[in-house]
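# requesting a structural model of the entry that follows:
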Amino acid sequence: MKAIWNGATLAQSDDTIVVERNHYFPAESLNEVCFRKSDTHTTCGWKGEASYYDILVDGKENKDAAWYYPEPKEARGRD
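Predicted coordinates:
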């Protein structure tokens with residue numbers, strides 16, 4: 001799996017985790033020069049608190065375009 005924005009490869013990995021059709025890349029697969037931590041946080045009742053990154057490529061910004069769960073809740077079945 002490869003994530004590309006504005007012609008730049010943001011992340012690439014054969015080991016993503018898919019949750020609700022979103023691919024979550026391992027942290028070590030990120031092209032860190034393209035990411036800047038955002039102050040945005042949201043909460044998902046079953047995944048936990050999400051933190052966001054702005055994506056920056058060639059002077060263009062994609063605000064809060066990437067997210068991660070620093071302390072995800074343990075996976076459990078949904079009824």
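# in this protein, which spans are strands?
With DSSP state E, the ranges of strands along the chain come out as 2-5, 8-12, 17-19, 22-24, 35-44, 48-57, 60-68.
# what about residue 2, neighbour count?
Neighbour count of residue 2, defined by other CB atoms under 10 Å: 12. No exception for glycine: its C-beta is placed from N, CA and C like everyone else's.
# follow-up on the earlier one: can you put the strands of the chain in CSV and add mean pLDDT and distance to residue 74?
Putting the strands of the chain into CSV (pLDDT from 0 to 100; distance: least, CB to CB, whole Å) gives the following:
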stretch, mean pLDDT, distance to residue 74
strand 2-5, 97, 26
strand 8-12, 98, 24
strand 17-19, 88, 13
strand 22-24, 89, 15
strand 35-44, 96, 13
strand 48-57, 96, 9
strand 60-68, 96, 16
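# so residue 66 sits against residue 22, correct?
No: Residue 66 is not in contact with residue 22 according to CB atoms under 8 Å; the separation is 10.5 Å.
# who has more neighbours out of those two?
Legend: neighbour count by other CB under 10 Å for residue 66 and residue 22, higher for residue 66 (20 against 9).
# apart from its neighbours in sequence, what residue is nearest that one?
residue 53 (4.3 Å; CB to CB, 6 or more residues apart in numbering).
# which residues does that neighbour contact?
With contacts defined as CB atoms under 8 Å, 6 or more residues apart in numbering, the neighbours of residue 53 are 35, 36, 37, 38, 64, 65, 66, 67, 68.
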